[in-house]
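Novice: give the three-dimensional model of this entry:
(one chain, ligands or ions: 1)
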Amino acid sequence: MCGIVGILGARPVAGELVEALKRLEYRGYDSAGVATLESGRLIRRRAQGKLRNLEILLSEAPLKGLIGIGHTRWATHGRPNETNAHPHANGSVAVVHNGIIENFRELREGLRARGHNFQTETDSEVVAHLVADEMQTGKGPVAAVAAALPQLRGAFALAFLFDGQDDLLIGARRGSPLAVGWGEGEQQGEMYLGSDALALAPFTSEIAYLEEGDWVVLTRGGAEFHDASGAIVQRARVRSQASAFLVDKGEHRHFMAKEIHEQPEVVGRTLAHYLDMSAGKVRLPFDLPFDANALSRITLTACGTAYYAGLVARYWFERFARISVDIDVASEFRYREAPLPERGLAIVVSQSGETADTLASLRYAKDNGQHCLAVVNVPTSTIARESSVVAPTLAGPEIGVASTKAFTCQLAVLACLAIAFGRARGVLDEKEEARLVGDLIALPGLMAKALLEEPAIEQVAHGLAHARSALYLGRGVSFPLALEGALKLKEISYIHAEGYAAGELKHGPIALIDEDMPVIVIAPKDATIEKTVSNMQEVAARGGRIVLVGDAAAREEAAVALAGAIDMAPMAPDFTPIVYAVPAQLIAYHAAVFMGKDVDQPRNLAKSVTVE
Ligand code: M6R
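Specialist: Next up, the predicted model:
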């Protein structure tokens, strides 16, 4: 989704604004822009498409202002063209916005009636006019923003720059994250605004996050925070770890490739955080503020890939802890108005910790008396801050829009939780725990082995690149992975793909099978293999092209002609999705690269979906 930066500097800031915006590219965008003050006057440069276009514009017509705001736009209202690109400005104020202003139509009508001319199709432009309108009544910029904010409905992060004010930036947050940074070293005295700490990492690691409803006034003298009521408040300054993370592709062509290859390391790091490996036990790195033995039910919600991690975890919680799990996509969950039980635990799963629907689910669960636990990758995120327990995934920043390492780390954390609950509830004994922990410890090595299969996976992927559509099948814990494999393929290669429970094939999708339909079967040798093999025979009998992702025993069992096979090492059956995720991700990656697609920033997608 949109990215915001603001710099109150001592040198021309346009170049630094673009550099900071590059660190927000991963969120997904379709146009970009900056505004600075040139001799005190507001000037903008905006361009459709990639930041490169904005850089070209700036090299042709440089900006020298020492203060500025910048934006990457992911279109919600209005086409992704230059006119609709942010910053939006009128004579007195420029604004950048992330989120949706829900009452923009009624505000726009009122402002039009008072003589304001609108240039764009966006909801965001109304904010610039609203603040300008307040200023026309004689208010200064700070008072005008303070008067405008309560008139806005919806979710937003905003940054304002004012004509004639070369020592003032204002930021505001309701629903979408915003961070303030204090310049350090050579940048001492400079102040920054950013959608996340990652954007500000080259300038500073001293950060404060705006709380919900906050707005902040920045001058070169520092930051003055206000809460929603306007009262001055203090917000803690923390050391961000973001600068410790190298946000580059290393030796890889794409962030997605780098993140796929990092998995043995980050899954290992995450497991080490949750396991006492020598004792063969799970040791949760936090205290549970509830008795796992007394839980009546788990309600799991998440979106996209994180939801599929939850679907896998349902098998684990039900199998290892004998606790029933209700799971739903977060975008639907709260509309069901589901009754939630006493002594219930709500688990939300999110890489970014900012997904609007997941956050809304968390709030619904809290309002309905649930214990709330968040499995998140960004520890400073809103979801982390609003949950009573945070179970961190230690994946490090995930830049590729397609989630890969965050997924496998989510699975690792959820597996540890399920085992811990199983022990607490007396379902697993010490020996069973030690066996499962042993299986978990083996995972990073097995993932590294799976990565060695990349040349064979690439061949399979090239075969898929000509398909119009593909089916992914799996049973048991491999079923959610089939869904995830299909999501990966469609989001980065734009090949239509569907995941199905293998047993569902006969209930409809078998009608699609012909010689042009690749069917990727995720089938480790486990208790369900015989039944999955029957489904493969049904596909083969109808001429479907089967690609088997499985071990030697599964291949032997299959006994059908295969269009392709990806060899997996034999492993204990419970945690296969964590290892089999690797070929599923690499199939999608190599198909998309072969087809020349923009793997890290696929069309229409945003990394962090902060609108509903
Ligand atoms: O940040 P979150 O984990 O809450 O994001 C949830 C989904 O938007 C995300 O997993 C999405 O489905 C990915 N693009 C999938 O690769």
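Novice: any idea how far A144 is from the residue in the chain sticking out farthest from the centre?
Specialist: What lies farthest from the middle of the chain is G138; by C-alpha atoms, centre = their mean that is 42.3 Å. For G138, the distance to A144 equals 9 Å [C-beta to C-beta, to the nearest Å]. (C-beta placed from N, C-alpha, C; glycine too.)
Novice: what ranges do the strands span in the stretch 501-612 of the chain?
Specialist: 518-522, 545-551, 564-568 (DSSP state E, counting those that start in this stretch).
Novice: show me where pLDDT drops low in the chain?
Specialist: 241-247, 610-612 (pLDDT under 70).
Novice: and it, which residues reach the ligand?
Specialist: 303-306, 350-352, 355, 358, 401-403, 487, 491, 605, 608-609 (C-beta under 6 Å from any ligand atom).
Novice: give me the subset of the residues you listed that lies in helices.
Specialist: 304-306, 358, 487, 491 (DSSP state H).
Novice: name the residues of the helix or strand harbouring H129 that are buried.
Specialist: Taking DSSP states H and E as the definition, one finds H129 inside helix 125-136. Going by neighbour count (16 or more other C-beta atoms under 10 Å), the buried part of helix 125-136 is 125-135.
Novice: nearest to the ligand: which residue in the stretch 151-300 of the chain?
Specialist: Residue of the stretch 151-300 of the chain nearest the ligand, by C-beta to the nearest ligand atom: M256 (9.4 Å).
Novice: of the residues of the chain next to the ligand, grab the buried ones for ChimeraX.
Specialist: To isolate the buried ones among the residues of the chain next to the ligand in ChimeraX, judged by 16+ other C-beta under 10 Å, type:
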select :303,304,305,306,350,351,352,355,358,401,402,403,487,491,605,608,609
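Novice: state the distance from the closest residue to the ligand within the chain to L168.
Specialist: Nearest residue of the chain to the ligand (C-beta to the nearest ligand atom) works out as G304 at 1.9 Å. Separation of G304 from L168 (C-beta to C-beta): 39 Å.
Novice: ok, now V233?
Specialist: Using C-beta to C-beta, which is the criterion applied here, V233 is 19 Å from L168.
Novice: tell me which of those two has more neighbours.
Specialist: Set V233 next to L168 and count neighbours by other C-beta atoms under 10 Å: L168 wins out with 18 against 14.
Novice: residues touching that one, list them.
Specialist: 8, 67, 141-142, 161-162, 217-219 (C-beta atoms under 8 Å, 6 or more residues apart in numbering).
Novice: 6 Å instead, please
Specialist: 162, 219 (C-beta atoms under 6 Å, 6 or more residues apart in numbering).
Novice: from A552, how far off is it?
Specialist: Applying C-beta to C-beta to L168 and A552 gives a distance of 67 Å.
Novice: quick one on the thing from earlier: over to the residue of the stretch 151-300 of the chain closest to the ligand: give its phi and psi.
Specialist: M256 adopts backbone torsions of phi -60, psi -40, taken as degrees, to the nearest 10.
Novice: surely it meets V599?
Specialist: Yes: when contacts are counted by C-beta atoms under 6 Å, M256 is listed as touching V599 (5.2 Å).
Novice: out of these two, which sits in the busier spot?
Specialist: M256 (29 against 24).
Novice: can you pull the contacts of the nearest residue to that one once chain neighbours are set aside?
Specialist: In this structure, M256 finds its nearest non-sequential neighbour in G400, 3.6 Å apart by C-beta to C-beta, 6 or more residues apart in numbering. By C-beta under 6 Å, 6+ apart, the contact list for G400 reads 255-256, 259, 600.
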